[in-house]
Every structure is written in C-alpha cells, then in structure tokens.
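Participant: This is a predicted model, with the sequence first.
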Amino acid sequence: MFPISDVIPSRTVPVVTIGLIAVNALVFLHELLLPSVALELFTQHYALIPAWFSWPTVFTSMFLHAGFWHVLPNMVYLWIFGDNVEDRLGHGRYLVFYVATGVMAAIAQLAINPNSTVPMIGASGAIAGVMGAYFVLYPQSRVLTAVFVLIFFDVVEIPAIFFLGLWFLLQLLSGVGSLGVSNAAGGGTAFFAHIGGFVAGVIVGLIVRSRDRRWQLEG
C-alpha cells in the first residue's frame, strides 16, 4: 500500500510542511552531487551514530537520506499528513512539534541500541510523529491509497485510523523482530525511531484534542 492523498483539504497554506520538504530535497540534492568519498565523510559528520553520540547530529540527521527511495516516501507521507496537523497546531507550534518528535524518535532508537556504529539518518522519526498526531486528530479521515496485489493495481480509500494503525503495528512487529540483531546485520530501518516518534505524536495529539474539547465546552 502506498498513500496518494487524504480527503481533508488544508485550511491554510502549510508553509512549514512545504519548507521542511524543500530543505530535505535540497540536502538530498547536495548529497547526490557529492563524490562517493565526500558523501561518506558528509554522512559520518552529520548522521547520528549512537556509539559516538552528539546532540547536534540528532537534528542534522533528520535531513539526510540514503537514496531516492528513502527520501521520496518520507516526503510523500509528510505532505499527506503534515498539512492537516500544521493546520491544527499552527505554524510555529507545528515546527516545534516536528523537531521535538524527531528528537524523541532518535532517543527511542538510542535507548534500544546505544552502542550501534551504524549511522542513523532520515526524517521518518519526525514524520512518524506527524502520523501519530494525525491518527488521533483526524480518525474520521480517509487515505486514498494505491494497492498492489501481484499483477493487480487499484486505488482505494482506506480509513486513516486503519491505515496508520496498520503502519504502526508493522513497525512494532518489525522492531520487536529486530531485537538482538547485531550491528553488522542491523543496518537497515530504525524501527524504534518510528515507534517512538509515533507514540510521541499520539501523546501530543491527545493533549491537543483534550484542549480543543475543553475550549468548546467553555465556549
């Protein structure tokens, strides 16, 4: 399954989401233009490497990607789910939320594998936070999804709560399955970053939803 769009239009121009996509795209373009040796040095310098932890790389690693099929799905997910969350939080709070859930995602992965020497890169932890907030704030929404089954292809509307719930369940199962995998064999997806980011997003979403309900009752 691959999401194409959701059914809730933005009420405002999602300037922060657009800006985040632009920054990620520009950094990825810079990576593409680097020679292989320079790219390796660039990644070693700006990626988050748990065994040699440094706080600046927690932030810089969010804007690095390992390839086209790493950055493209991330940006599609950010575009689909980010605009509505930005609508709900407001531009400034949304930016803080995005960065904060990215940090929480990184911490979750560090807690599971603090001695790893595999560089952690990608926006997916922060985007998982966006998805977690969307899961709580827009459970009635639907996601237009491309579905591939063997040689068959179709586009269907799937309830957002099911689409995102299934995504989280797959991350959780994959994360549990990756426990105990050595650094040499575990250089793939940072599943616990996805899990941590999503849970952080859910918590923020619940707080926002509770606040909105309280304001409605007081109004």
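Facilitator: That came through fine. Numbers count the residues shown, from 1 in each chain.

Participant: switch to C-alpha atoms for all contacts and neighbour counts from now on
Facilitator: Noted.

Participant: wait, what's in contact with the residue nearest the centre of the chain?
Facilitator: Note on the chain: the residue nearest the mean C-alpha position is Ile127, at 2.0 Å, using C-alpha atoms, centre = their mean. Shown in contact with Ile127 (C-alpha atoms under 8 Å, 6 or more residues apart in numbering): Asn74, Tyr77, Leu78, Gly82, Tyr98, Gly102, Gly197.

Participant: And the helices in this protein, which stretches?
Facilitator: 15-33, 36-46, 55-60, 68-89, 91-112, 124-137, 160-178, 191-218 (DSSP state H).

Participant: and Phe2, which of these is closest to it?
Facilitator: Closest of the helices of the chain to Phe2 is helix 68-89, at 8.5 Å (criterion: C-alpha to C-alpha).

Participant: Counting by contacts, list what the closest one packs against.
Facilitator: strand 2-6, helix 15-33, helix 124-137 (3 or more C-alpha pairs under 8 Å, 6 or more residues apart in numbering; DSSP states H and E).

Participant: thinking again about what came up before, need the helices of the chain in a markdown table (columns: mean pLDDT and distance to Phe153).
Facilitator: Shown next, in a markdown table, are the helices of the chain (pLDDT from 0 to 100; distance: least, C-alpha to C-alpha, whole Å):
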| stretch | mean pLDDT | distance to Phe153 |
| --- | --- | --- |
| helix 15-33 | 98 | 28 |
| helix 36-46 | 97 | 37 |
| helix 55-60 | 98 | 38 |
| helix 68-89 | 97 | 18 |
| helix 91-112 | 97 | 33 |
| helix 124-137 | 98 | 25 |
| helix 160-178 | 96 | 17 |
| helix 191-218 | 92 | 28 |
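
Participant: Most tightly packed of those helices?
Facilitator: helix 124-137 (a mean of 29; mean count of other C-alpha atoms under 10 Å).

Participant: just how off-centre is that one within its chain?
Facilitator: Helix 124-137 sits 7 Å away from the centroid of its parent chain (C-alpha atoms, centre = their mean, to the nearest Å).

Participant: Just want the angle from it to helix 191-218.
Facilitator: Counting by axes from the mean of the first three to the mean of the last three C-alpha atoms, to 10 degrees, helix 124-137 lies at 30 degrees to helix 191-218.

Participant: CA-only coordinates of helix 124-137 in PDB, if you can.
Facilitator: The C-alpha coordinates for helix 124-137 follow below in PDB (Å, rounded to 0.1, in the frame of the first residue of the first chain):
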ATOM      1  CA  SER A 124      11.000   9.200   9.200                       C
ATOM      2  CA  GLY A 125      11.100   9.500  13.000                       C
ATOM      3  CA  ALA A 126       9.700  13.100  12.900                       C
ATOM      4  CA  ILE A 127       7.200  12.100  10.200                       C
ATOM      5  CA  ALA A 128       6.100   9.200  12.400                       C
ATOM      6  CA  GLY A 129       5.300  11.800  15.000                       C
ATOM      7  CA  VAL A 130       3.200  13.700  12.400                       C
ATOM      8  CA  MET A 131       1.400  10.500  11.600                       C
ATOM      9  CA  GLY A 132       0.700   9.800  15.300                       C
ATOM     10  CA  ALA A 133      -0.800  13.200  15.800                       C
ATOM     11  CA  TYR A 134      -2.900  12.700  12.600                       C
ATOM     12  CA  PHE A 135      -4.100   9.300  13.900                       C
ATOM     13  CA  VAL A 136      -5.600  11.000  17.000                       C
ATOM     14  CA  LEU A 137      -6.800  14.300  15.500                       C
END
